[in-house]
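K.L.:
pasting the sequence and the predicted coordinates here, then a few questions.
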Amino acid sequence: VSQRLADYQRVSMERVDYRDYDAVDWEFTFAGDGDRVHVVNRNVRVDDERAYAIYWSTPDSRWDESFGVFEVAVESFRPAGG
């Protein structure tokens, strides 16, 4: 990713408590068109056969005010077949 995204900067990569799943949040920024883009990508391992990524991005200047959108997404997520 760091070679494909201009001025990529990792903010954090850490395990998160997310229901009963193995989950990691990968947070990073990169140079966008006029504003930095801020991303959080929640990687969720449901079982040995299924894993998902919940990807959310926003202009960095709106990160704090719009983080609730990501929180709604992860709260409403339901894996296929379960």
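P.N.:
Perfect, thanks for sending it. Numbers count the residues shown, from 1 in each chain.
K.L.:
for the protein, just list every one of the helices.
P.N.:
Ranges of helices within the chain are 63-76, based on DSSP state H.
K.L.:
just checking, Ile54 touches Glu71?
P.N.:
No: Ile54 is not in contact with Glu71 according to Cβ atoms under 8 Å; the separation is 10.7 Å. Bear in mind the C-beta positions are built from the backbone N, C-alpha and C, glycine included.
K.L.:
so, low pLDDT: which residues of this protein?
P.N.:
In the predicted model of the chain, residues 1-2, 82 satisfy pLDDT under 70.
K.L.:
let's see that with 90 instead.
P.N.:
1-4, 6, 32-34, 80-82 (pLDDT under 90).
K.L.:
one step back: list residues touching both of Ile54 and Glu71?
P.N.:
Shared contacts of Ile54 and Glu71, defined by Cβ atoms under 8 Å, 6 or more residues apart in numbering, are absent.
K.L.:
which of these two has more neighbours?
P.N.:
Legend: neighbour count by other Cβ atoms under 10 Å for Ile54 and Glu71, higher for Ile54 (17 against 10).
K.L.:
bridging residues for that one?
P.N.:
Arg42 (DSSP bridges).
K.L.:
cool, the one 5 residues further on as well?
P.N.:
Each beta-bridge partner of Pro59 is listed here, defined by DSSP bridges: Val37.
K.L.:
just give me the neighbour total for it.
P.N.:
For Pro59, using other Cβ under 10 Å, the count is 14.
K.L.:
do I have it right that it meets Ala31?
P.N.:
No: counting by Cβ under 8 Å, Ala31 is not a contact partner of Pro59; they are 11.6 Å apart.
K.L.:
mutual contacts of these two, please.
P.N.:
Here Pro59 and Ala31 have Val37 as joint contacts, going by Cβ under 8 Å, 6+ apart.
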